[in-house]
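one predicted model, sequence on top.
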Amino acid sequence: MRGYPGWNSRRAVQVLDQVFPKNATKQPSLVIVYFGGNDSVIPNQYGLGPHVPLQEYMQNMRNIALHIKSLSKKTRIIFLSAPPINEEQIVGNRDAEGNLIRTNEGCRVYSEACLSLCREMNIKAIDLWSAIQQRKDWLEVSFIDGIHLTCEGSKIVVKEILKILKEAEWEPSLYWKSMLIEFGEDSPYDPVAPDGKSTTNISGFPFPPNTWDWD
């Protein structure tokens, strides 16, 4: 499912039933929830903007988790905590009084709140705030605009998600190497082998080959 720029946990709660109706014929196997970066901006004096107070943010995330858990016994959840930011790279990152609108410290607070909630509710979570900052050059290579991730930043997210999928004791497993291949039988329509006289079943191969580090 796509994400919407600028959304926060408050708006997500408002559309939960529309996005994940409990009476749907099919329910998702995995839902990755990612809120906190926008919630953590400083409050606006007129109550405008994406800021959500910390306690409300935690309750919103709790409500999201409870709703998703109720969809199906086999619906799994991964929460991504608020990521770090490069404050200096963000254009227009100060309000009329000169205060920073987004701060890395604010992201840390919301990240820790999310992780604390996940421990309490036994939900798989990724400490994105810490993971991205493991690289010494994270400030230079992680962001397009100080907030949104570059290819290098996204690789870290993918690596952390795949790690959870591989290690989670879920039945059935959602790790790609452990998933069943529904149409794994050999076929004359498979790619032709170098000898020209046989075919090669590549249903279980990563694509494109030799370019993804899945482990």
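Looks like it arrived, so ask away.

give me the mean pLDDT for the one helix or strand S111 maps to.
When secondary structure is defined by DSSP states H and E, S111 falls within helix 104-121. Here helix 104-121 scores 98 as its mean pLDDT.

ditto for stretch 150-167
pLDDT averaged over stretch 150-167 gives 96.

what's the answer for stretch 185-193, then?
84.

would you say M58 is within a strand?
No - using DSSP: H, G, I helix; E, B strand; the rest coil, the secondary structure at M58 is helix, not a strand.

which ones are touching it?
Applying C-beta atoms under 8 Å, 6 or more residues apart in numbering, we find M58 in contact with 113-114, 117. (Each C-beta comes from the backbone N, C-alpha and C, glycine too.)

neighbour count and distance to S81 for those residues - can I get that in CSV?
Below are the contacts of M58 laid out as CSV (neighbours: other C-beta atoms under 10 Å; distance: C-beta to C-beta, whole Å):
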residue, neighbour count, distance to S81
A113, 20, 9
C114, 29, 4
L117, 19, 10
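
now tabulate the residues you listed in JSON lines and tack on distance to P43.
Output for these, formatted as JSON lines (distance: C-beta to C-beta, whole Å):
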{"residue": "A113", "distance to P43": "16"}
{"residue": "C114", "distance to P43": "19"}
{"residue": "L117", "distance to P43": "21"}
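
of these, closest to W129?
W129 has its nearest neighbour among those in C114, at 9.2 Å by C-beta to C-beta.

leaving out sequence neighbours, find the closest residue to that closest one.
S81 (4.4 Å; C-beta to C-beta, 6 or more residues apart in numbering).

these two touch, right, that neighbour and G36?
Yes - counting by C-beta atoms under 8 Å, S81 does reach G36; the two are 6.1 Å apart.

joint contacts of the two?
110-111, 114.

kindly reformat these as a markdown table and extend each row with distance to N63.
Output for the shared contacts of S81 and G36, formatted as a markdown table (distance: C-beta to C-beta, whole Å):
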| residue | distance to N63 |
| --- | --- |
| Y110 | 16 |
| S111 | 19 |
| C114 | 13 |
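
low-confidence regions, the chain specifically.
Within the chain, the ranges that satisfy pLDDT under 70 run 1-2, 206-215.

run through the strands of it in chain order.
Assigned by DSSP state E, the chain shows strands spanning 30-34, 76-80, 124-126.

I'd like to know which of those lies nearest to S203.
strand 30-34 (21.0 Å).

ok and that closest one relative to strand 76-80, angle-wise?
20 degrees (axes from the mean of the first three to the mean of the last three C-alpha atoms, to 10 degrees).

for stretch 38-52, C-alpha coordinates in PDB please.
Output of stretch 38-52 as PDB, limited to C-alpha atoms (Å, rounded to 0.1, in the frame of the first residue of the first chain):
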ATOM      1  CA  ASN A  38       5.700  14.000  11.100                       C
ATOM      2  CA  ASP A  39       4.100  13.600  14.500                       C
ATOM      3  CA  SER A  40       7.300  14.700  16.200                       C
ATOM      4  CA  VAL A  41       7.500  18.200  14.600                       C
ATOM      5  CA  ILE A  42       7.100  21.100  17.000                       C
ATOM      6  CA  PRO A  43       3.500  22.200  17.700                       C
ATOM      7  CA  ASN A  44       2.100  25.200  15.800                       C
ATOM      8  CA  GLN A  45       0.600  28.000  17.900                       C
ATOM      9  CA  TYR A  46      -2.700  27.800  15.900                       C
ATOM     10  CA  GLY A  47      -2.900  24.000  16.200                       C
ATOM     11  CA  LEU A  48      -2.100  23.500  12.500                       C
ATOM     12  CA  GLY A  49       0.400  21.100  10.900                       C
ATOM     13  CA  PRO A  50       1.300  17.400  11.500                       C
ATOM     14  CA  HIS A  51       2.400  17.600  15.200                       C
ATOM     15  CA  VAL A  52       0.700  15.000  17.500                       C
END
